[in-house]
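[1] Just need the structure, nothing else, for what follows:
(chains A and B)
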Amino acid sequence: MRWSSAFIPTLRDDPADAEAVSHRLLVRAGFMRQLMAGHYSLTPLGFRSLRKVEAIVRDEMEKIGAQEFRLPCMHPREIWEKSGRWDSVGEEMFRLQDRKGADLALGMTHEEIFAHLAAELRSYKALPQIWYQFQTKFRDEARPKSGLLRVREFTMKDSYTFDIDDAGLDTSFNRHLEAYRRIFKRFGFDVVAVEASSGVMGGNQSIEFMLKSDAGEDWVAHCEKCGYAANVEKAQSILPAIQDEAEDDESASSTEKFATPNIKTIDALAKMEGGAEASRQIKTLVYVIDGKTLLILLRGDHQLSEQKLIDQVESFEMRPAEVSEIKAALGASPGSLGAVGLGDLFIIADEALRGRRNMVTGANENGFHLRRVDIERDITVKAWLDLREVSTGEGCPMCEAPLSVHKTIEVGHIFKLGTKYTAAMGASVQNENGKSVPITMGSYGIGLERSLAAVVEANHDENGICWPVNIAPYEVVVTVVKPKDVDCHEAGERLYEKLSEAGIEVLIDDRDERPGVKFKDAELIGIPYRVTIGPKGLADNRFELVRRADGSKRDVPIERAADMIIEAVLDERS
RNA sequence: CGGGCCGUAGCGCAGUCUGGUAGCGCGCUUGACUGGGGGUCAAGAGGUCGCGGGUUCAAGUCCCGCCGGCCCGACCA
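    Residues are numbered from 1 along each chain as shown, chains lettered A, B, ... in the order given. This next block holds a predicted model:
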C-alpha cells in the first residue's frame, strides 16, 4: 500500500474525549472513529488489525477441531423465552418489533440459537461437537466507555461445546483453556486465568482471562507466589486472627448502649472517643431480596461484594433498601443500624464475623450504638456466608502469601453451562443404553475489538502504538525520506516490490512530507519495522532498519536489506 | 439510572461571568524555498457557535426545554 493514496487519518493532537490509552491512540493513529457512544467505525488500518485478531482466533479454534458457523444476529422472542432469558437479562438486550408487531431481539450472545441447532444431534456417537462463529453482538450497555473496551456493538468469537457428560465437558473446557492461552500469547500480552462468577449465564464454573491494566474495570486478586487468581466477585483470602478479649467486669455479660451523637459512619465512630476501630465494628446493611427485607452483617472495615451475595442467595431481584424501608423495619436511620434483638428478620453474616465478641454496632436508635456485642450471644444469625470483597495484602487462600488486587481487562470468558440451554431447547441424544440424555454444554467467548484495544494497552509508548508483528496492520513501513529524489524513489520502490513479493505486508511512505512527519506518523501507527531510505544512506549503500518495539536501529547493506527484513519479520510471526 | 464536567472550523482550544463585526494554534489548498525527527515565507478555503423556543434594537454569550459526549458511581452475557 502507498501511504500517499491510503486513508490513514492521523491526528497531531490527542482527541479530547479519550482517556484510556487504547482509545486515545487508536483514534489518534487513525484506526477508528466514533459514530456514537459505544459504536465505532474501524478504518482500513483498524480493520486490517482486527482481521489479524480474527485470523489468530480462527486458527486456534480450527486446531481444536471447532467448526465455523454463521448465525443470525436477530432472534425471535420465543427462543429467548424458552431459556427464560427474555425476562432475566432485562434492559441490556436490544429489542425491536417487525412490521407485524412480532418481538425480536438483537443477539447479545448465542447459547439459545446454538442449542436450538444442537437439537438435531441424535446420538452420543455424534459427540463431542465444537461449534463457533464470529458475529456482531449487541448489548445495551448502561455506560459505554474507554473506546473499544466497553461498547454496545462488537464482534465476538463465541464457541459452544456439546458433550455427552461432565467428563466430556471438562475435556472440551480444557481444550478451550489451552487454546485461549495460545491465542492471547499470539496477541502479544500476558493474561491471568481467574475463577469468576458465572452471572446470568448460569452454570457451575467459569474462568475469565484477564489482562492487567489500569484501563480495565474488573478487579482481580492475584498471588504472585503460588499463582492463585480470582475475580474479586469470587476471590477469598485469609485474615489475621483477631483476639476479642471480653472485659471481665460483670457488665460484660450484656451489651451496653452509649450515645453517639451525629456519628453516622464507620469512620466517624472509629475516630470518636469511646468508639471502636473499624475492625471492631459490625456493619449492618439492609437489602430487599424478592420483596423481603433482610440484614447483611460485615466487619466495619470490610466491603460487601454484591456479586457474592447474588451468587449465594437464590433470588430474582435484589437491591439495597430505601431509607424509608430501613426506618420502617429497624426504627432507625443508616448510621445507627444494628442486628441485635432483631430475631424476626433474616440475618446473614459474613464469615469474618464468626465468633467475634466485644464488638460495636448500631442500637437502632438514632444517635446511639451498642458496645460489648457478642455475635453468637446477641445476634440471631440465620446464615454465615463469604460476602466480603478481598483487598490487597490479605493472605492467599492457597499459600497465605499476601495477595495483590489490581484492575484488569476481561478479554475472554469460558463457562461450563451444563444442561440449562440444551434442556430448554430439547437438545438431547441417546446414550449407549438407548436412553435419552440432555447434552452438556459449554460456552466460550472472546471479544475481538476489546482484544485489539487490549493489545494497544499492553503495547505502546509515549510515541504511539507498538504493534506486535502478529496484529500490526502492516509489518514494515518503507520510509522514503526524499521521494522527489530519483535515487531515493527508485530504491524505495525496489525494496517495496521485493518485500511485497515475499508476502510481507508493506506500507511505503511515498508522501511529499518532511522526514520528521513521516517518522512520527510511523511510530504513532506502530508499524513493527521501519526502513528508512534517504540520500545519506544511499551514499553509503545502506538503509536504516528500526524496530518499533524497542527502538533498536541497525544499518543494513542495500543488496541484503530485503532478505534481512524478511527474516526479521518472519521470525516474529507466530 | 444518580453525580460531575463539556458541546464554537477536520483536530486542540479561547471567547460565555459583564450581550454589540466569530477568533487562535495545528491541519487543509496554491506557490516558493527546504529536505534524516511534526521546517519557513506568502496567498487562500473552511463555521446553521449541538438542537428548539424565549428575552432583547441586538444572543456563541442571558432564560427555559431537549439532544449528544466524557469521567465517577450503580449495572454488566
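
[2] What parts of the stretch 1-150 of chain A come near RNA strand B?
    Applying CB under 7 Å from any atom of the strand, one finds that the stretch 1-150 of chain A approaches RNA strand B through A:10-20, A:23, A:34, A:36-38, A:89, A:92, A:108-109, A:139, A:141-146, A:150. Where C-beta positions appear, they are placed from N, C-alpha and C, glycine not excepted.

[3] List only those of those flagged as buried.
    Those of these that meet the buried threshold are A:10, A:15, A:18, A:20, A:23, A:34, A:38, A:89, A:108-109, A:139, A:144, A:146, A:150, by 16 or more other CB atoms under 10 Å.

[4] List the buried residues of stretch A:430-445.
    Result for stretch A:430-445 [16+ other CB under 10 Å]: buried residues A:438-445.

[5] Which elements pack onto the host helix or strand of residue A:361?
    Following DSSP states H and E, one finds residue A:361 within strand A:359-365. When contacts are defined as 3 or more CB pairs under 8 Å, 6 or more residues apart in numbering; DSSP states H and E, strand A:359-365 packs onto strand A:282-289, strand A:368-373.

[6] contact partners of that strand?
    Contact with strand A:359-365 is made by A:244, A:257, A:269, A:275-276, A:280-282, A:284, A:330-332, A:335-342, A:353, A:368-375, as judged by CB atoms under 8 Å, 6 or more residues apart in numbering.

[7] just stretch A:533-548 next, same as before
    A:466-467, A:478-482, A:485, A:487-488, A:491-492, A:495, A:515, A:522-523, A:526-532, A:552-559, A:561, A:564-565, A:568.

[8] Give the PyMOL command for selecting the buried subset of those.
    Buried residues within these, by 16+ other CB under 10 Å, are selected in PyMOL with:
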select buried, chain A and resi 466+467+478+479+480+481+482+485+488+491+492+495+522+523+526+527+528+529+530+531+532+556+558+561+565+568
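
[9] What lies in contact with stretch A:161-179?
    With CB under 8 Å, 6+ apart as the test, stretch A:161-179 has contacts from A:60-61, A:63-64, A:118, A:121, A:124, A:127-131, A:159, A:193, A:205, A:207, A:414, A:416, A:418, A:422, A:427, A:429, A:431, A:437, A:439-444.

[10] Make a PyMOL selection of whichever of those turn out to be buried.
    Command for PyMOL that selects the buried part of the contacts of stretch A:161-179, burial taken from 16+ other CB under 10 Å:
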select buried, chain A and resi 60+61+64+118+121+124+127+128+129+130+131+159+193+205+207+414+416+418+422+427+429+439+440+441+442+443+444
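
[11] Among the contacts of stretch A:161-179, which lie within strands?
    Counting by DSSP state E, the part of those found in strands is A:129-131, A:159, A:193, A:205, A:207, A:414, A:416, A:418, A:429, A:437, A:440-444.

[12] where do the strands sit along the stretch 101-250 of chain A?
    A:103-106, A:129-138, A:153-163, A:192-195, A:205-212, A:218-222, A:229-231 (DSSP state E, counting those that start in this stretch).

[13] Could I get the buried residue list for the second one?
    Just to be clear, that refers to strand A:129-138. Using 16+ other CB under 10 Å as the test for burial, strand A:129-138 gives A:129-135, A:137-138.

[14] doesn't residue A:107 make contact with residue A:76?
    No: Residue A:76 is beyond contact range of residue A:107, at 10.9 Å (criterion: CB atoms under 8 Å).

[15] Which one's more surrounded, those two?
    Ranked by neighbour count (other CB atoms under 10 Å), residue A:76 and residue A:107 place residue A:107 first, with 25 against 15.

[16] Find the nearest non-adjacent residue to the more buried one, please.
    Once flanking residues are discounted, residue A:107 sits nearest to residue A:73: 4.8 Å by CB to CB, 6 or more residues apart in numbering.

[17] Provide a list of residues in contact with that neighbour.
    When contacts are counted by CB under 8 Å, 6+ apart, residue A:73 touches A:106-107, A:135-138.

[18] Tell me the one of these nearest residue A:44?
    When the contacts of residue A:73 are compared for distance to residue A:44 (CB to CB), residue A:136 wins out at 19.0 Å.

[19] Hmm, residue A:157 and that closest one touching each other?
    No: assessed by CB under 8 Å, residue A:136 is found out of contact with residue A:157, at 11.6 Å.

[20] Kindly report the residues of the stretch 351-500 of chain A close to RNA strand B.
    Proximity of the stretch 351-500 of chain A to RNA strand B, by CB under 7 Å from any atom of the strand, involves residues A:413, A:415, A:445, A:447, A:463, A:481-484.

[21] closest to residue A:385 among these?
    Closest to residue A:385 out of those is residue A:415 (22.9 Å), distances taken as CB to CB.

[22] tell me which residues of the strand holding residue A:361 are tucked away?
    Buried residues in strand A:359-365, counting neighbours by 16+ other CB under 10 Å, are found at A:359-365.
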